[in-house]
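Engineer: sequence and computational prediction follow.
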Amino acid sequence: MTDTRTQQLRALIEAPQILVMPGIFDGYSARLTEQAGYSAGFISGAGISEAVLGQPDVGLMGPETNLGACRALTACCAIPLMADGDTGYGNAVNVFHLVRDFEQAGLAGLMLEDQTWPKRCGHMSGKSVISAEEMVEKLQAANEARRDPDFIIKSRTDSFATHGIDEVIRRLNLYADAGADLLFADALLSASDIGTVARNVKKPLSVNMGFGIRKRSTTPLISAAELQELGVAVVIYPRLLTACAIQGMKNGLDALAQQLRTGKVVERHDYAVSFEELNDTVGFKQAQELEQRFVTKEKAK
């Protein structure tokens, strides 16, 4: 019997090898992550807000937009995906229904954070957090809401910037006791901080990383191998693919502008995949096979 996606994700988190989860935000990034051989993906809430709405990650995206995007991404690939539930969009009752919705949509897990609403991207200034007690209520509701016991609840705290590392550890252990399976301390400042948190929490620890970005985020860039040595179970790269996509589109627009200036065709094969590769990426061959199997001969002509 094949394991469900929730069982796959739980096993990957609990495995000795660190789990690397690229941040996905659209159909291209979901399919490419799967085709590149990654075992799981993290759906970036910031990526959806920025790519779908064209708005920054400052609490402007509502649950319907988030859920709709995540449902579509789950449908277009077979690897387990974890969604970003922001603060849960309300109180513990809202969280209860949010977990039900995301689980029913086919997600393998959901991240919830203890920021006040409207939230901010974890590496922006001006963050504030709710009380640990209120977050515990949300996680208890999330734990009760899940019908599948393997559905992963990931709990994030942004309290490092406001309260320091001791509060981070205290909160994460409270969140573990409340039912969280995976813990996340955002915006830690050093490898030493990461190691300290990993050694002192009750459940597997997740961190996030940038990757080759000119202006680094708050947390320094650390390799997955070194993170594993520090005791980290999961590393996500939420802004890698969005940043690469933006640079790729800028390159294409610059090439088009050059053509308009010079009046000459600009061929930059290093800037773009072929039409055939694009079709292969999104499963055009499989769509054709379905047409050949099910469409009548008259319509197929």
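Structural biologist: Here it is on my side, so go on. Numbering: from 1, shown residues only.
Engineer: all strands for the stretch 51-200 of the chain, in order.
Structural biologist: Ranges of strands in the stretch 51-200 of the chain, per DSSP state E, counting those that start in this stretch, are 81-84, 109-113, 152-157, 182-185.
Engineer: in CSV, list the ones you listed along with mean neighbour count.
Structural biologist: For the C-beta atoms, the positions are set from N, CA and C on the backbone; glycine is no exception. Formatted as CSV, these follow (neighbours: other C-beta atoms under 10 Å):
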stretch, mean neighbour count
strand 81-84, 27
strand 109-113, 25
strand 152-157, 26
strand 182-185, 26
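Engineer: out of those, flag the one nearest residue 97.
Structural biologist: Residue 97 lies closest to strand 109-113 among the strands of the stretch 51-200 of the chain, at 12.0 Å (C-beta to C-beta).
Engineer: ok, and what's touching the closest one?
Structural biologist: Strand 109-113 is touched from outside by 6, 9, 42, 80, 82-88, 95, 98-99, 102-103, 119, 135, 138-139, 142, 151-158, 181-182, 184, 186, with contacts defined as C-beta atoms under 8 Å, 6 or more residues apart in numbering.
Engineer: can you check stretch 164-177 too?
Structural biologist: Residues from elsewhere that reach stretch 164-177 (C-beta under 8 Å, 6+ apart): 114, 132, 135-136, 139, 155, 157, 159-160, 180, 183, 185, 188, 193, 196-197, 200-203, 205.
Engineer: mind giving me the PyMOL select for those residues, buried ones only?
Structural biologist: Buried residues within those, by 16 or more other C-beta atoms under 10 Å, are selected in PyMOL with:
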select buried, resi 114+132+135+136+139+155+157+159+160+180+183+185+188+193+196+197+200+201+203+205
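Engineer: correct me if wrong: residue 4 contacts residue 150.
Structural biologist: Yes. With contact defined as C-beta atoms under 8 Å, residue 4 counts as touching residue 150 (6.8 Å).
Engineer: the two - which one has more neighbours?
Structural biologist: residue 150 (18 against 14; other C-beta atoms under 10 Å).
Engineer: how about the nearest residue to the more buried one, chain neighbours excluded?
Structural biologist: Spatial nearest neighbour of residue 150, excluding adjacent residues (C-beta to C-beta, 6 or more residues apart in numbering): residue 6 at 3.8 Å.
Engineer: one step back: can you tell me which of the strands of the stretch 51-200 of the chain is nearest to residue 218?
Structural biologist: Distance to residue 218, taken as C-beta to C-beta, is lowest for strand 182-185 among the strands of the stretch 51-200 of the chain, at 11.5 Å.
Engineer: ok, and what's touching that closest one?
Structural biologist: Against strand 182-185 from outside (C-beta under 8 Å, 6+ apart): 13, 109, 111, 152-157, 160, 168, 172, 175-176, 193-194, 197, 201, 203-208, 233-234.
Engineer: please name the strands paired to it in the sheet, noting orientation.
Structural biologist: Within its sheet, and counting by DSSP bridges, strand 182-185 is paired with strand 152-157 (parallel), strand 205-208 (parallel).
Engineer: want to try CSV for those, with distance to residue 52 and mean pLDDT as columns?
Structural biologist: Output for those, formatted as CSV (distance: least, C-beta to C-beta, whole Å; pLDDT from 0 to 100):
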stretch, distance to residue 52, mean pLDDT
strand 152-157, 21, 98
strand 205-208, 20, 97
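Engineer: just put the ones you listed in JSON lines and tack on distance to residue 63.
Structural biologist: Formatted as JSON lines, the strands paired with strand 182-185 follow (distance: least, C-beta to C-beta, whole Å):
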{"stretch": "strand 152-157", "distance to residue 63": "16"}
{"stretch": "strand 205-208", "distance to residue 63": "22"}
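Engineer: circling back: isn't the residue nearest to residue 150 up against residue 153?
Structural biologist: No. Between residue 6 and residue 153 there is no contact under C-beta under 8 Å: 11.0 Å.
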